[in-house]
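J.: have a look at this prediction, sequence included:
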Amino acid sequence: MDLKVLYQLLLPSEMPLYFEVVKIEKNDKDQRVNIHLEEKNVLPEGYSTTEYESKGFHNEICVQDFPIRGKAAFLVIKRRRWRHKTTGEVIERDWHLVAEGTRITQDFATFLKEFDRYKNRHNK
């Protein structure tokens, strides 16, 4: 099994398509795994590389995802931005990775909500 397949199993479904894993840190003291991701330099659909250029990244964000082997898992995400070469207009891909009002991934929030419903139904 290559690393791409492993990343597809560990990360939210759309992440391996648009992000590269650049570093993984395991901290035994804090029982934590940090997976560092950078958005690939691939423009959003409908934009041309002749008109836009990569202009670095937004500040990174850290969101919690499903635990891995009993350790809290955090995705440290750097989103890219592009600038129009003539007008200076800045664009970015529209992401909905974080559940609204939280610092956890959408997938993890859905799982926790369903788990809570299941637990409440079976603990009555």
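T.: Ah, there it is.

J.: which residues of the protein score low on pLDDT?
T.: Scanning the chain for pLDDT under 70 picks out 1, 96-106, 108-124.

J.: how about the strands in it?
T.: Per DSSP state E, the chain carries strands over the ranges 19-27, 32-39, 52-57, 61-68, 71-78, 80-84, 90-91.

J.: got TSV for those strands, with mean neighbour count too?
T.: For every residue, glycine as well, the C-beta is placed using N, CA and C. What follows is the strands of the chain, written out as TSV (neighbours: other C-beta atoms under 10 Å):
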stretch	mean neighbour count
strand 19-27	14
strand 32-39	19
strand 52-57	14
strand 61-68	16
strand 71-78	19
strand 80-84	18
strand 90-91	14
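
J.: any chance of those in TSV, plus distance to residue 11?
T.: Shown next, in TSV, are the strands of the chain (distance: least, C-beta to C-beta, whole Å):
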stretch	distance to residue 11
strand 19-27	8
strand 32-39	7
strand 52-57	18
strand 61-68	8
strand 71-78	7
strand 80-84	17
strand 90-91	24
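
J.: nearest to residue 46, out of those strands?
T.: strand 90-91 (9.7 Å; C-beta to C-beta).
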